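Trainee: Build me a model:
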Amino acid sequence: MSDARKEKNTELVFSRQEVTDRDPKYKPTDINALRAIAQAAINVEEFTIPLYMCAMYSIQGMHQITGDNNLYQGRLWPGNATVSRPGTTNAEAFNLVFKVFIEEMLHLQLAANIATASGAVPDFTSNALMTDTDYAWTCYGPDLTILPHILDFKDVKSDPDPNKDYSRIKVKLDSLNKEQIKLFLAIEETEEMAEERIKPDKRYKYFPSVPFKDWTPQKDEKDLPLFGSIGWMYLSLWRYIDIEYSDGTTLWETVFTPNSSQRDIFNEMNSGHPKEEYPGFNATITATEPAQARLQVLNMIRAITDQGEGKSVGDMIRRMLGLLTAVDKEYQADKPGLEADYMSYNDVGQNVPSTDAAARADSPQVSMDHYEAFTEVQKLVDAGSILTWDKWHELGNNWKPADLKTDSYDKNKYPLPTADDIAGALNRLKAKDTKNQNYTQFCQASAGAIAGVTRVLNDYWTKDKIAFPFPSMAGSGDRMSICWAIFGKIPDISTGTKERKPGVLYHSCQSLSLTASGSQSPACAGVEVYHSCRGSNDCKAEGGCGFVQDVNGGGGGCSSKVTFALSGDRDTPGPLCGAPVLYSAPSDNKCGGLGGCAVPISASQLYPKPAKGDTATMQLYDFEGSDFEPIIIGTMQYGEGDLVYDIAWVAYMKVLAHRGQPIPQKPAPSDFRLAFPPST
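Mentor: Residues are numbered from 1 along each chain as shown. The predicted structure follows:
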């Protein structure tokens, strides 16, 4: 951290909370309340992410799959993406919502770090948001009116101006339309705005004072009062932190946990992320002394509220109430940092200006708080200048091969499905879906992709060796986007997935099942294991696309013994000096976390070029016994431009040959697999 930032932190001197001389007998109650608010903050920040993501990906548009290669030269895929220079109102709106969406992930990280510093264990699959078996998001629905922990729209006054009437807002997933933008503005509004809209006879339910009346150590976040605004929730959190007791102690001194698990995906620097995204403030609590840690917590709260509603809780504590202001410089994203961290390429692998950096850090949006950003989007929506996928379908559009091509389409040398094949699949999935079975399956794919992320986050804050599932987040967007593009309907994650059955060896893709047990069809991966990327696959044999991983590199479920089929039982040896690196094969990973990504596997997923000096060798396994223990049966090769499904099929045949079973005929790609874009 720079000296300037240290100085900024130490200069944050605010008035103390008026809760002083409190009887220490209330400490257990206050500790519980503080941790409940911290969990509520996690819930609120997490709640916004799929909501904003769903609307963002409803914006009609196309994108390319790019990297430092030319694998997908000449191809376009359904779904919008950030651009460095928005040339359309659709692109402008996408960039604005994308900025907010990413900052909500930052807020989720900050809230979780505050929670762990207070001795709480963050829960990213809270029943306040979703079910705990099939991960169905119960907080969204066409008849729901409650923003979790914040506001019930039934308590809001009606207004004769339909653009100002928030009383009929529903808390649901939807496209980027007039009602949805009002929902987003309500989420990001200040307490003054919320108080003005709430019916006078209902205001007693909101803006609770601290300490909470009738709170007990047995209650949890579902018992909290409604806060009225996100800012008031964080203000209440701060007021609890600042409680002083008659014995001279404070609540923060009591709960503060030095050296707590602090995770950072925004300011941590490494080879793949060389610069801080927000160099103006700490995104983790690094202090080990309570007073200094308290100031770091306050700075995090200021960052959240300053970026969100445009007025920091720090300003409220200092009683400096005023109009909405631009985001303070210290809380703005740093464009040079983003350009280094998020490089962009064209479809032949040439570096181009970073599109994510432009969306998040160009003027004027870099200084916009969330309320201001959504106000700008509202102007575009009200003017009728945004085309969403539902409107695109209502206009009678269907998919044509030309929609999926650029001028260099014929220059692509890799064995991808043709644009005709993909366009045909996109059209058939909708046209033949008379019972909504295809649509439901795509909704479950979206729910499974997001569930993969949330389950990993539960471990990410409790287990040091768990990595953040970056590609899974991008994959979740791919799943939502393609559902919008095919059906013109919301990717309804309230459907959830399905609960896994114990004792079933699930598989990653079409006709790759090694068993016929359980509810899965041998023709396709079970809904229970849909996920979007590496790190989020739960178990052996579920790994999909082409993110190859070292089989000796650990992983989420790699504690079981691996044996050799021909040379007796012995633990898997570590790599010998000079020995080639062995990688995990698709649909044949020995344990959770080592299987690449994307279940089901996209028919267009290709392997990139192996690393320099890499032998591109994969380790193969069979799975035996009731626990499906992995045994090594040999190796195989892969190369740049190989279709991932083809490699998975070769691995599958080798397993069947090892078992002495007949080799079936390789199936043609299903429409489901043809429709999915390759993972980025």
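Trainee: When you work out contacts or count neighbours from here on, use the C-alpha atoms and nothing else.
Mentor: Fine.
Trainee: Contact partners for the residue nearest to I59 when sequence neighbours are not counted?
Mentor: Here the nearest residue to I59 in space, its sequence neighbours aside, is T388; by C-alpha to C-alpha, 6 or more residues apart in numbering that works out to 4.4 Å. Counting by C-alpha atoms under 8 Å, 6 or more residues apart in numbering, T388 makes contact with S58, I59, Q60, S175, L176.
Trainee: Looking at those, spot the one nearest L582.
Mentor: Distance to L582, by C-alpha to C-alpha, is smallest for S58 among the contacts of T388, at 40.7 Å.
Trainee: I'd like to know how many residues surround S511.
Mentor: 18 (other C-alpha atoms under 10 Å).
Trainee: I'd assumed C524 was in contact with it.
Mentor: Yes. Counting by C-alpha atoms under 8 Å, S511 does reach C524; the two are 5.8 Å apart.
Trainee: What's the local residue count around K405?
Mentor: With other C-alpha under 10 Å as criterion, K405 counts 18.
Trainee: separation between it and D642?
Mentor: According to C-alpha to C-alpha, to the nearest Å, K405 and D642 sit 21 Å apart.
Trainee: And for S261?
Mentor: For S261, the distance to D642 equals 40 Å [C-alpha to C-alpha].
Trainee: and after the lowest-mean-pLDDT helix or strand in the chain, which helix or strand comes next?
Mentor: Across the helices and strands of the chain, mean pLDDT, DSSP states H and E gives its lowest value to helix 3-10, namely a mean of 37. Counting by DSSP states H and E, the element after helix 3-10 in chain order, helix or strand, is helix 27-56.
Trainee: What residues sit buried inside that next one?
Mentor: Neighbour-count burial for helix 27-56 flags 27, 29-56 (criterion: 16 or more other C-alpha atoms under 10 Å).
Trainee: what is the rounded mean pLDDT of it?
Mentor: Averaged over helix 27-56, pLDDT sits at 97.
Trainee: neighbouring strands for the helix or strand following it, and are they parallel or not?
Mentor: Heading C-terminal from helix 27-56, the first helix or strand you meet, by DSSP H and E, is strand 62-63. Applying DSSP bridges to the sheet, strand 62-63 is found paired with strand 77-78 (antiparallel).
Trainee: now the partner strand: mean pLDDT?
Mentor: Strand 77-78 carries an average pLDDT of 97.
Trainee: Stretch 607-617 too?
Mentor: 82.
Trainee: Report the buried residues of that stretch.
Mentor: So stretch 607-617, judged by 16+ other C-alpha under 10 Å, has buried residues Y607, P608, K609, A616, T617.
Trainee: Same check on stretch 277-292?
Mentor: Result for stretch 277-292 [16+ other C-alpha under 10 Å]: buried residues E277, Y278, P279, G280, F281, N282, A283, T284, I285, P290.
Trainee: what does stretch 265-274 give?
Mentor: Buried residues in stretch 265-274, counted by 16+ other C-alpha under 10 Å: I265, F266, N267, H273.
Trainee: Pretty sure the second one sits in a strand.
Mentor: No. Going by DSSP: H, G, I helix; E, B strand; the rest coil, the assignment for F266 is coil, not a strand.
Trainee: Distance of it relative to K275?
Mentor: 9 Å.
Trainee: For M343, which non-adjacent residue is closest in space?
Mentor: Counting by C-alpha to C-alpha, 6+ apart, S354 is the residue found nearest to M343 once chain neighbours are left out, at 5.2 Å.
Trainee: same question, G61
Mentor: N80 (4.3 Å).
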